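Trainee: turn this into a structure:
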Amino acid sequence: MKAYAGYTGFVGGRWLSGQVCLRRILAVAVAIVLLAIPLNSGTAVAAPAAPGVHVYLMRGVLNVFSLGLDDIAAKLQAQGINATVTNYLFWSSVADEAAAEYRSGKIRTIVLVGHSSGATVLPDMVARLDRLGAPVKLAIGLDSVFRTSLSGRVGRYINFYVANGNGEPVAPTRQLHGTLENVDVGRTGVGHLTIDKAEVMQRKVISAIDAVAFSRPAEPSGAPKPLETNAAQPKPIRAGVAATAPN
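Mentor: Residues are numbered from 1 along each chain as shown. So this is what the prediction gives:
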């Protein structure tokens, strides 16, 4: 038998074995340590860095070819910006939800981002939100393959498209109140299925969003430098394309 097992002590009017005394002492010690720890010593949950800003990202067809938007959303969330990703088929319900939260005061800045068919529905979302009294601060389209026109109130609309593929510029209407920029990124090495995943394009998208979320300067929206050093010179801006940014 171990030495401490035979030890006895007098506690609370009773004789206790050494083993029971040791357990009591350890329990008291643990209680003292716990009481000494400040109540606020746990990891604090950081408040959103950009309260009132919500970025709605719209995926394209089949919901599987726009996974670069998930990367963008994760990077925005890491900065404290609220961002959600939805398939383009639900664009009208997303617009209604955004308008309701805007009118209730839960959000003050609405940002839209879309790829492929998700980019095609952005003008419709802008117009719907305008009718619902919730203007869009920023909208960014990534290679819509259908010709669209833009109306309604939007602070800034950037349409990145691949002109040497199937991408299309966005046409302004007389009902447009805002800035429209059509940027051809076809000579940078990105294509329809990679424009949302390319690091250089993700940086441009996030930079534009950060500019409205944190009131900081954004990168120029012009097309990035070509990935190939021997790329051909950019072709001249086509007449009739409004607000087209230089390459």
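Trainee: distance of Tyr192 relative to Gly68?
Mentor: Careful, residue 192 is His; it's not Tyr. Going from His192 to Gly68 by CB to CB, to the nearest Å gives 12 Å. From N, CA and C alone the C-beta is placed, and that goes for glycine too.
Trainee: from what I can see Pro172 touches Gly152, true?
Mentor: No - Pro172 is beyond contact range of Gly152, at 11.0 Å (criterion: CB atoms under 8 Å).
Trainee: those two - which one has more neighbours?
Mentor: Between Pro172 and Gly152, counting by other CB atoms under 10 Å, Gly152 is the more crowded of the two (21 against 18).
Trainee: element containing the residue lying closest to the more buried one once chain neighbours are set aside?
Mentor: Among residues not flanking Gly152 along the chain, Asp130 sits closest, at 3.4 Å (CB to CB, 6 or more residues apart in numbering). Element membership of Asp130, judged by DSSP states H and E, is helix 122-131.
Trainee: excluding sequence neighbours, find me the nearest residue to Asp124.
Mentor: Per CB to CB, 6+ apart, closest to Asp124 is Trp91, 6.6 Å.
Trainee: count the residues that sit near that neighbour.
Mentor: For Trp91, the count of nearby residues is 22 (other CB under 10 Å).
Trainee: domain map for the protein?
Mentor: 3-36, 53-214 (automatic domain parsing).
Trainee: output those domains in a markdown table, with mean pLDDT appended to each entry.
Mentor: Shown next, in a markdown table, are the domains of the chain (pLDDT from 0 to 100):
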| stretch | mean pLDDT |
| --- | --- |
| domain 3-36 | 45 |
| domain 53-214 | 97 |
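Trainee: just name the most buried of those domains.
Mentor: Mean neighbour count (mean count of other CB atoms under 10 Å) peaks for domain 53-214 among these, with a mean of 20.
Trainee: let me see the ranges of the strands in the protein.
Mentor: Assigned by DSSP state E, the strands in the chain fall at 8-11, 14-17, 53-59, 82-87, 109-115, 136-142, 148-161, 170-184.
Trainee: adding distance to Ile209, write the ones you listed out as a markdown table.
Mentor: A markdown table is the format used below for the strands of the chain (distance: least, CB to CB, whole Å):
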| stretch | distance to Ile209 |
| --- | --- |
| strand 8-11 | 66 |
| strand 14-17 | 67 |
| strand 53-59 | 6 |
| strand 82-87 | 9 |
| strand 109-115 | 6 |
| strand 136-142 | 7 |
| strand 148-161 | 10 |
| strand 170-184 | 15 |
